[in-house]
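[1] Starting from these lines, generate the structure:
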Amino acid sequence: MERPPVLDIGYLLLTANRLLGARASARVRELGLTPQQAVALLAIDSSSGRQSTPGRIAEFMAADSPTVSGVINRLEKRGLVTASPNPADKRSRLITLTPKADALLPTIRESLREASAWAESLMPAEELHRLTHLLERFVELLGVDQSSL
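    Residues are numbered from 1 along each chain as shown. Alright, predicted model coming up:
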């Protein structure tokens, strides 16, 4: 199927993301998590003090606020995160990982490492390095303000 030229870069990026995500998500789904929930847990884990706000999680995930709110609510219902008032901003909450989430993080990280290793094995190191550099540069040039997504 031929794509209109204006859609080529977007189509290719989305397809690559979808295929790589599918590779990583199999083990994540075995944990009873969606890929978005797994990424949210990683976002919180990488935050200073292992606490984060919904806004910072949204930025990390490149997702909009309603999506992140739903993800956080589902994680909270499963006992994987707790939400408390944010003393620095009364309109926000602080999201913290629970020990139950901590137990899942090694498997989440391993599934992402395995998917990355698989993707890296598909092309010579020089091409992969060039692709990585070009994608980093492309993201930089886009200058996307994640909060507007």
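[2] Strands along this protein, start to end?
    51-52, 81-85, 93-97 (DSSP state E).
[3] quick check, distance from the shortest one to the centre of its chain.
    For strand 51-52, the distance between its averaged C-alpha position and the chain's averaged C-alpha position is 15 Å (CA atoms, centre = their mean, to the nearest Å).
[4] Contacts for that strand, please.
    Counting by CB atoms under 8 Å, 6 or more residues apart in numbering, strand 51-52 makes contact with 43, 44, 60, 94, 95, 96, all of which sit outside it. No exception for glycine: its C-beta is placed from N, CA and C like everyone else's.
[5] Next, format the strands of the chain as JSON lines and append mean neighbour count.
    Converted to JSON lines, the strands of the chain look like this (neighbours: other CB atoms under 10 Å):
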{"stretch": "strand 51-52", "mean neighbour count": "21"}
{"stretch": "strand 81-85", "mean neighbour count": "16"}
{"stretch": "strand 93-97", "mean neighbour count": "20"}
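[6] Please name the residues that touch the spatially most central residue of the chain.
    For the chain, the residue nearest the mean C-alpha position is residue 39 (3.7 Å; CA atoms, centre = their mean). Residues near residue 39 by CB under 8 Å, 6+ apart: 60, 61.
[7] So for it, what's the pLDDT?
    Looking at residue 39, its pLDDT reads 92.
[8] cool, residue 1 as well?
    pLDDT, read off for residue 1, is 58.
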